[in-house]
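Asks: just the structure for this:
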Amino acid sequence: CVDPNFLIIGHDLSPQDMRACYNAGDEVENRQVTNASLTIDEDRKYDEQIILESLEALKKGYANVALWPTPRISKTKTVIVVMTARKNYIKRMAIRNHWANGHDNVYFVLGEACHVPPNHRSHILTCEKRGRDHTSFSMMGTKEQQNEARTAHLQSIEEEQQKLLEEQYKFRDLIYTFKQESYRGLVHKLKESYSWVTKNTNAQWIVKADDDMYVRVNSVSSLLEKFQSQKPTVLGHIIWSSPVHKTGKWADIDYNKQDTYPPWPQGSCGHVVNRNIAEYIAEKKDTLFEYQGEDTSLAIWLDEAGFKSDIVFQDSNAFIN
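Replies: Now for the predicted structure:
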């Protein structure tokens, strides 16, 4: 944290780590931030009727995002999108109180709740329900026990949804995506992040981070001033010619074009793309196949793009994990 050359630090940082980095980084960032620099109205009351309507929509199987207050709109040249899970309120608050304090260009990206109870899912990385042929199907219990588990799970989702609505009314920094949350859903979140930013802001650079990372916002913005924002650019810890895994957590059974990936920015270090790339992905989001990881998916999409030869992959030691 005390090394000024490291601009995005991850991953697996705890809220306590965030505070330590923030305290160590004050001099590095050379900023004067006060709690008043980004005012939050603690007395603002949320519209209870809107929340009730949204919860009714949730019971019918969908979250009516149209009933949510829209995120605030930043006018900065650089926007940071943070991949987060619905349950990670403490991590989001650690970021708001530390490295995002005083910045209105930091957004959190989350998805819909998975309606399948955790112990009923076919795999911890997905939101798919176990089939009868699943090796541990019997662990789900009797039909009555399954129904009780589902009812309790849906109740917890309703409570979580209300808290998220209150959080959005207070901070206006949540970007909501429609796909149910899971590790495999990160690819969808990335596409929707690019889509929202390019539709709602004039940002020329989009930084992708996770909620267990520390970002030096001012320093990243200063670094990006050295690059041409009009030239298709991917900046991060770039991995070259890495093998395509066919087993394990990172198994990519759907990518068979070659044995190695095109160059990709390591996801656990964060990455940056310019607006050209974000717009390309946003425009084609409904047809771009979602591979196992958001970082390798980005690489494959760009490898198949018509402007592939124009893309600059800039490796940087400023992105570490």
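
Asks: just give me the neighbour total for residue 188.
Replies: 21 (other Cβ atoms under 10 Å). Just so you know, the C-beta spots here come from the backbone N, C-alpha and C atoms, and that holds for glycine as well.

Asks: also residue 271?
Replies: 24.

Asks: what of residue 292?
Replies: By other Cβ under 10 Å, 21 other residues sit near residue 292.

Asks: residue 177 now?
Replies: Around residue 177 there are 20 other residues, counting by other Cβ under 10 Å.

Asks: same thing with residue 282?
Replies: Residue 282 has 19 nearby residues by other Cβ under 10 Å.

Asks: list the buried residues for the host helix or strand of it?
Replies: Under the criterion of DSSP states H and E, residue 282 resides in helix 275-283. Under the neighbour-count criterion of 16 or more other Cβ atoms under 10 Å, helix 275-283 has 275, 276, 277, 278, 279, 280, 281, 282 buried.

Asks: how about those residues in a markdown table, adding pLDDT and distance to residue 91?
Replies: Shown next, in a markdown table, are these (pLDDT from 0 to 100; distance: Cβ to Cβ, whole Å):
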| residue | pLDDT | distance to residue 91 |
| --- | --- | --- |
| 275 | 98 | 28 |
| 276 | 97 | 31 |
| 277 | 98 | 27 |
| 278 | 98 | 24 |
| 279 | 98 | 29 |
| 280 | 98 | 30 |
| 281 | 98 | 26 |
| 282 | 98 | 26 |
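
Asks: check which helices and strands the helix holding residue 282 sits against.
Replies: Applying 3 or more Cβ pairs under 8 Å, 6 or more residues apart in numbering; DSSP states H and E, we find helix 275-283 packed against helix 186-200, strand 205-210, helix 294-303.

Asks: one more time with 10 Å, if that's ok
Replies: For helix 275-283, the packing partners by 3 or more Cβ pairs under 10 Å, 6 or more residues apart in numbering; DSSP states H and E come out as strand 78-83, helix 186-200, strand 205-210, strand 233-236, strand 271-274, helix 294-303.

Asks: ok, which of these comes nearest residue 128?
Replies: Nearest to residue 128 among the helices and strands packed on helix 275-283 is helix 186-200 (14.5 Å), distances taken as Cβ to Cβ.

Asks: could you check the angle strand 205-210 makes with the closest one?
Replies: Angle between the axes of helix 186-200 and strand 205-210 is 150 degrees (criterion: axes from the mean of the first three to the mean of the last three Cα atoms, to 10 degrees).

Asks: many thanks, we can stop here.
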